[in-house]
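Asker: sequence first, then the predicted structure, then my questions.
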Amino acid sequence: ETDKPALIARIKALLAKHRAQLVAHYYVDADLQALAEATGGVVADSLEMANFGAQSDAEVLIVCGVRFMGETAKMLSPEKTVLMPDLNATCSLDVGCPSDEFAQFCAQHPDRKVVVYANTSVEVKALADWVVTSGNALAIARYLKAQGEKIIWAPDQHLGHWIDQETGIDMIRWMGHCIVHDEFKAFELEQLKQQYPKAKVLVHPESAAAVLALADVVGSTKVLINAVQSMPDAQFIVATDQGIFYKMQQLAPSKQLIVAPTDSKAKQCISCANCPWMGMNGLENLVAVLEALDQDERVLAQHEIRLDEQKRQQALVALNRMLEFSR
Ligand code: 13P
Ligand code: SF4
């Protein structure tokens, strides 16, 4: 049994001592989201996490999320110490798009602009012309289409399909998927909709096309949270990681949130819709990462994001293009 209040107090003291800020994603443990809010950090989608880190005047950023989020923070703030509770917190999209294979893929289509999702490694971003998140993917695709560009899209096939459908841009897709969002099932969702006929359906665009087709709102985590808060409806079926319920419930306590089904046996699955890598962030390893700041170089290296400077600069071009576009 851990003494949660003691851990939280220790984290707060260490954050103040090291002038450190928490940059947390909506999917991480509710205790971590609450701590980020209480200590001047941020809880956000991946686009806002990038912007917050870049504008922060903290000396140390502790990124509670997955690896690409830590790497993005470091790319934008090379002078800051960027730490993560667990550097092994990756993402199936990142894992499913190795940079050497992606380089060969791009080489086969030299006439196309390379557009990659933020959920990729620095090495993959270094091959790209543009980075996008689910928060700005449609706007950037529309802009590129208006410029007469054809694109390569990687790595999420479903998000790519959605962009293609919404914008009609000429696209060749890398066929990666998110293990969490790929699990939501259209047939079971339709049945659940019959059970809750008044509920609005909110879906993250990493889900399959058949699931997106049943959605009232498709969008980034931020867009889905805004929908719960701003729409007059009382019930929402939510197809994304359940970590998001913390913020939805906080902003709209009277609304009923229902997890979208992931398979026919478990109509309201509670152990699914949980990203295992987001789940690697917890109070214990957050204490450990803050304590590492007082220890020797070897211990710190186990938690610190360090990037090859040449790759960082290459990848930054595509990342900055996105941030400037979204400003
Ligand atoms: P957002 O940019 O919408 O926060 O999504 C990040 C992510 O990993 C979704 O699975
Ligand atoms: Fe990656 Fe999916 Fe986890 Fe998001 S939910 S971090 S896309 S594996």
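Answerer: Noted; the coordinates are in hand. Ligands and ions are numbered 1, 2, ... in the order given.

Asker: what's the average pLDDT for stretch 297-304?
Answerer: Mean pLDDT, stretch 297-304: 93.

Asker: and if you look at stretch 175-195?
Answerer: Rounded mean pLDDT across stretch 175-195 is 95.

Asker: point out the residues in this structure that sit beside ligand 1.
Answerer: Residues of the chain found near ligand 1 (Cβ under 6 Å from any ligand atom) are 45-47, 119, 133-135, 178, 204, 206, 220-221. The C-beta positions use only the backbone N, C-alpha and C, and glycine is treated the same way.

Asker: got those as JSON lines, with neighbour count columns?
Answerer: Output for those, formatted as JSON lines (neighbours: other Cβ atoms under 10 Å):
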{"residue": "45", "neighbour count": "22"}
{"residue": "46", "neighbour count": "22"}
{"residue": "47", "neighbour count": "22"}
{"residue": "119", "neighbour count": "30"}
{"residue": "133", "neighbour count": "23"}
{"residue": "134", "neighbour count": "26"}
{"residue": "135", "neighbour count": "20"}
{"residue": "178", "neighbour count": "24"}
{"residue": "204", "neighbour count": "27"}
{"residue": "206", "neighbour count": "27"}
{"residue": "220", "neighbour count": "21"}
{"residue": "221", "neighbour count": "26"}
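
Asker: just give me how far the top helix by length along the chain sits from the chain centre.
Answerer: Assignment by DSSP state H gives helix 309-326 as the longest helix of the chain. Helix 309-326 sits 17 Å away from the centroid of its parent chain (Cα atoms, centre = their mean, to the nearest Å).

Asker: tabulate the CA atom coordinates of it in PDB.
Answerer: Extracted in PDB, the C-alpha atoms of helix 309-326 (Å, rounded to 0.1, in the frame of the first residue of the first chain):
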ATOM      1  CA  GLU A 309      21.700  17.200 -32.700                       C
ATOM      2  CA  GLN A 310      21.700  16.700 -36.500                       C
ATOM      3  CA  LYS A 311      18.500  14.600 -36.500                       C
ATOM      4  CA  ARG A 312      16.900  17.100 -34.100                       C
ATOM      5  CA  GLN A 313      17.600  20.000 -36.500                       C
ATOM      6  CA  GLN A 314      16.300  18.000 -39.500                       C
ATOM      7  CA  ALA A 315      13.100  17.000 -37.700                       C
ATOM      8  CA  LEU A 316      12.500  20.500 -36.400                       C
ATOM      9  CA  VAL A 317      11.900  21.900 -39.800                       C
ATOM     10  CA  ALA A 318       8.800  19.800 -40.400                       C
ATOM     11  CA  LEU A 319       7.700  20.300 -36.700                       C
ATOM     12  CA  ASN A 320       8.100  24.100 -36.800                       C
ATOM     13  CA  ARG A 321       6.200  24.200 -40.100                       C
ATOM     14  CA  MET A 322       3.200  22.700 -38.300                       C
ATOM     15  CA  LEU A 323       3.500  25.000 -35.200                       C
ATOM     16  CA  GLU A 324       3.700  28.100 -37.400                       C
ATOM     17  CA  PHE A 325       0.800  26.900 -39.400                       C
ATOM     18  CA  SER A 326      -1.300  26.400 -36.300                       C
END
